[in-house]
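Chemist: give the three-dimensional model of this entry:
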Amino acid sequence: MKIAFLHYHLKPGGVTTVIRQQVESLAGQAEMLVLTGAAPPEPLSVQTAVISGIGYDTPAQTASGKSNSANQTAEEIIRAIREKWPGGCDLLHVHNPLLAKNCRLLSILSHLQQHGIRLLLQVHDFAEDGRPASYYDAGTPYPENCHYCVINSRDQAILRRAGLVEEGLHPLPNMVNPFNLQPEKTLAETFVLYPIRAIRRKNIGEAVLLSLFFPPPARLAITLPPNSPRDQAPYESWRAFVNAYQLPVVFEAAKHYDFSDLVKSAENLITTSITEGFGFAFLEPWTAGQFLAGRKLPDICIDFENNGLQLEHLYERLNVSLTNFEENRFFERWQACLQKNAGRFGIKMDSQTIRARYRAMTQNCGIDFGLLDEPFQQQVISMMLTDKAVYQEIQKNNPALNHLADISDRSARIAANRAAVLAAYNGTAYQSRLLNIYQRVMDTTVSHRINKTRLASEFLRPETFSLLKWNEEGL
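Modeler: The predicted structure follows:
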């Protein structure tokens with residue numbers, strides 16, 4: 001089996017980790033070639049060919065309009081493949097092609113198809129899922145009549161509803177590398193750990209709210225700061241807020257403590273994220289012998305529960321009253337953001353429909369805290385801190401806050417969930433899935449296409465529309 005991989009770059013990150021795992025999984029099973037837009041910082045164990053036309057668009061290219069044409073880059077790819085295999089490869093495995101990081105990539109892929117190269121497109125992220133800046137314009141079709149694979153059943157179902165056929169759409173959940181840490185404590189401090197980079201979609205405000213219900217002397221520890229400009233101002237606002245109220249929160253804990261020590265010493269780990277791709281946050285803590293508390297994302301966690309994980313102790317919604325923040329100002333901001341983003345994807349959404357959906361999502365005069373953005377979340381927490389009745393009301397309406405990690409079978413659940421993760425997401429299972437998909441791609445010709453408007457509509461739903469995810473302006 002001759003497999004070529006293609007990705008914009010091989011910098012450290014989630015997709016690069018997956019590519020490295022795939023290369024390692026196929027060792028001894030396939031001949032491989034990796035095609036990338038820039039030399040990797042760390043060499044791979046297989047041959048790598050650098051083709052600059054694959055890489056991210058640069059500001060200089062955009063400004064001058066100078067770059068290799070799609071056909072030129074496609075010919076370079078074909079030459080690189082034939083230099084290794086004169087008869088060509090069995091398939092080209094392309095990672096994350098539906099994000100407009102290279103404006104020529106879809107044309108490149110079309111050219112490769114015309115030259116008889118079989119494509120397997122692995123979608124890790126959708127522009128339609130809160131990344132409008134990475135969206136190809138509505139008139140640019142996604143690749144047709146090739147195979148796709150996705151990392152969870154949610155994305156599989158969405159793409160089927162958007163037009164792809166079952167035989168050309170394959171689930172490929174990620175592999176989980178266990179922490180394999182000894183659970184004994186090494187730090188004297190008492191922490192509840194949120195082991196993430198503090199970007200907006202991780203819902204930092206909700207983690208701060210949860211800290212108000214930790215039994216003393218436990219403090220919330222958030223490991224890393226954001227590294228993107230759009231996340232910086234909201235992050236700094238939380239640092240200032242926590243400092244002003246002297247809340248039990250430690251930011252950038254990984255700069256002060258060894259990460260392994262933080263994980264081992266934590267009372268438990270939490271997640272409050274409002275959106276995930278694969279959902280490592282729901283799997284990795286158990287492999288370290290740690291308990292996970294916090295917010296559950298049902299459309300992501302259903303796969304894990306079907307593979308034996310017990311996650312029913314996680315809450316799906318954190319209810320707060322509409323009187324706990326400036327609702328009118330929030331609605332105006334929420335509606336404007338929703339309409340703006342709908343327009344970017346070519347979706348018509350009238351004010352009457354939006355108001356009706358808003359009333360449905362705020363029935364009983366409450367709303368999910370995760371739909372608010374930073375200013376309104378801070379208003380809620382400020383009221384909790386200054387008005388005991390508000391604190392008690394939120395506590396009453398969210399019973400999970402009273403026992404975030406205090407369940408009767410805690411030790412047994414950690415052991416059972418650890419075993420479930422290791423059984424379902426190990427390297428052997430991953431290799432088997434990957435080889436099976438490759439064989440199906442080689443054996444099956446498909447005819448299908450993605451309806452881009454339908455795809456965008458699947459993600460752009462008012463009842464789950466959070467300003468943390470969609471409001472690019474931040475504060």
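
Chemist: quick check: buried residues in stretch 251-259?
Modeler: 251, 253, 254, 257 (16 or more other CB atoms under 10 Å). (C-beta placed from N, C-alpha, C; glycine too.)

Chemist: what would the residues you listed look like in CSV with pLDDT, distance to residue 235 and secondary structure?
Modeler: CSV is the format used below for these (pLDDT from 0 to 100; distance: CB to CB, whole Å; DSSP: H, G, I helix; E, B strand; the rest coil):
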residue, pLDDT, distance to residue 235, secondary structure
251, 98, 8, coil
253, 96, 14, helix
254, 95, 15, helix
257, 92, 19, coil
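
Chemist: switch those over to a markdown table; also include distance to residue 430.
Modeler: Converted to a markdown table, these look like this (distance: CB to CB, whole Å):
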| residue | distance to residue 430 |
| --- | --- |
| 251 | 35 |
| 253 | 31 |
| 254 | 28 |
| 257 | 32 |
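
Chemist: which among those gets closest to residue 31?
Modeler: Taking CB to CB as the measure, residue 254 is the one of these closest to residue 31, at 39.4 Å.

Chemist: quick check, pLDDT for the nearest residue to that closest one once chain neighbours are set aside.
Modeler: Excluding the flanking residues, the one nearest residue 254 by CB to CB, 6 or more residues apart in numbering is residue 223, at 4.1 Å. Per-residue pLDDT puts residue 223 at 97.

Chemist: which residue ranges of the protein form strands?
Modeler: Along the chain, the segments classed as strands by DSSP state E run 2-7, 31-36, 47-50, 91-95, 119-123, 147-150, 169-171, 191-197, 219-224, 249-250, 268-271, 292-294, 319-321, 366-368.

Chemist: let me see the domain layout of this protein.
Modeler: The record assigns the chain these domain ranges, following automatic domain parsing: 2-124+143-175+426-449, 191-315+405-424.

Chemist: which one of those lies closest to residue 364?
Modeler: domain 191-315+405-424 (16.6 Å).

Chemist: run the chain-centre distance for that closest one.
Modeler: For domain 191-315+405-424, the separation from the chain centroid amounts to 15 Å (computed by CA atoms, centre = their mean, to the nearest Å).

Chemist: and residue 125, how far from residue 101?
Modeler: Distance of residue 125 to residue 101, computed by CB to CB, to the nearest Å: 10 Å.

Chemist: now residue 347
Modeler: On the measure of CB to CB, residue 347 and residue 101 end up 23 Å apart.

Chemist: re earlier: save the domains of the chain as TSV, and put in distance to residue 384 too.
Modeler: Below are the domains of the chain laid out as TSV (distance: least, CB to CB, whole Å):
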stretch	distance to residue 384
domain 2-124+143-175+426-449	33
domain 191-315+405-424	6
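
Chemist: compare those domains and give me the one nearest residue 330.
Modeler: Nearest of the domains of the chain (CB to CB): domain 191-315+405-424, 13.6 Å.

Chemist: of the domains of the chain, which is nearest residue 340?
Modeler: So among those, domain 191-315+405-424 is nearest, using CB to CB, at 15.6 Å.

Chemist: low-confidence stretches in the stretch 151-300 of the chain?
Modeler: 182-183 (pLDDT under 70).

Chemist: chain neighbours aside, what residue packs nearest to residue 175?
Modeler: Nearest one to residue 175, counting by CB to CB, 6+ apart, is residue 430 at 4.2 Å.

Chemist: what sits against residue 457?
Modeler: By CB atoms under 8 Å, 6 or more residues apart in numbering, the residues touching residue 457 are residue 347.

Chemist: quick one: it from residue 345, how far?
Modeler: Noted for residue 457: a distance of 8 Å to residue 345, by CB to CB.

Chemist: ok, residue 166 next?
Modeler: From residue 166 over to residue 345 the distance is 25 Å, taken as CB to CB.

Chemist: okay, these two: which has more neighbours?
Modeler: Between residue 166 and residue 345, counted using other CB atoms under 10 Å, the more crowded position is residue 345 (19 against 10).

Chemist: mind checking the strands of the chain for the one nearest to residue 413?
Modeler: For residue 413, the closest of the strands of the chain is strand 292-294, at 9.5 Å, according to CB to CB.

Chemist: quick one: residue 115 and residue 74 touch, right?
Modeler: Yes. Using CB atoms under 8 Å, residue 115 is in contact with residue 74, at 7.5 Å.

Chemist: compare the two (neighbour count), which wins?
Modeler: The neighbour comparison of residue 115 against residue 74 (other CB under 10 Å) goes to residue 74, with 24 against 12.

Chemist: per-residue pLDDT, that one?
Modeler: So, for residue 74, pLDDT stands at 97.

Chemist: measure residue 73 to residue 103 for me?
Modeler: 12 Å.

Chemist: if you count what's nearby, which of the two comes out ahead?
Modeler: More neighbours surround residue 73 than the other of residue 73 and residue 103, with 24 against 15 (other CB under 10 Å).

Chemist: residue 326 is in contact with residue 376, isn't it?
Modeler: Yes. The pair formed by residue 326 and residue 376 meets the contact definition of CB under 8 Å, at 6.9 Å.

Chemist: follow-up on the earlier one: OK, contacts around the residue nearest to residue 175?
Modeler: 21, 25, 174, 175.

Chemist: quick one: contacts for the last one?
Modeler: Okay, so that is residue 175. Going by CB under 8 Å, 6+ apart, residue 175 touches 18, 21, 25, 425, 426, 427, 430.

Chemist: which of those residues sits closest to residue 436?
Modeler: Proximity of the contacts of residue 175 to residue 436 (CB to CB) peaks at residue 430, which lies at 10.8 Å.

Chemist: show the pLDDT at the closest one.
Modeler: 97.

Chemist: ok, now residue 61?
Modeler: As predicted, residue 61 sits at a pLDDT of 56.

Chemist: and residue 363, by the same measure?
Modeler: 88.

Chemist: so how many other residues sit close to it?
Modeler: Here the number of neighbours of residue 363 (other CB under 10 Å) works out to 8.

Chemist: just the buried residues of stretch 365-379, please?
Modeler: By 16+ other CB under 10 Å, the buried positions in stretch 365-379 come out as 366-379.

Chemist: go on, stretch 439-455?
Modeler: By 16+ other CB under 10 Å, the buried positions in stretch 439-455 come out as 440, 441, 446, 448, 450, 451, 452, 455.

Chemist: output that stretch as PDB, restricted to C-alpha atoms.
Modeler: The C-alpha coordinates for stretch 439-455 follow below in PDB (Å, rounded to 0.1, in the frame of the first residue of the first chain):
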ATOM      1  CA  GLN A 439      -9.000  -0.300   1.600                       C
ATOM      2  CA  ARG A 440     -12.500   1.000   1.200                       C
ATOM      3  CA  VAL A 441     -11.200   4.200  -0.600                       C
ATOM      4  CA  MET A 442      -9.200   2.100  -3.000                       C
ATOM      5  CA  ASP A 443     -12.100  -0.300  -3.700                       C
ATOM      6  CA  THR A 444     -15.000   2.100  -3.900                       C
ATOM      7  CA  THR A 445     -15.900   4.800  -6.400                       C
ATOM      8  CA  VAL A 446     -18.300   7.400  -5.000                       C
ATOM      9  CA  SER A 447     -20.400  10.100  -6.600                       C
ATOM     10  CA  HIS A 448     -21.500  12.800  -4.100                       C
ATOM     11  CA  ARG A 449     -21.000  16.500  -3.200                       C
ATOM     12  CA  ILE A 450     -21.500  18.700  -0.100                       C
ATOM     13  CA  ASN A 451     -24.300  21.200  -0.100                       C
ATOM     14  CA  LYS A 452     -22.500  24.100   1.500                       C
ATOM     15  CA  THR A 453     -25.600  26.100   2.500                       C
ATOM     16  CA  ARG A 454     -27.000  23.000   4.300                       C
ATOM     17  CA  LEU A 455     -23.700  22.400   6.000                       C
END
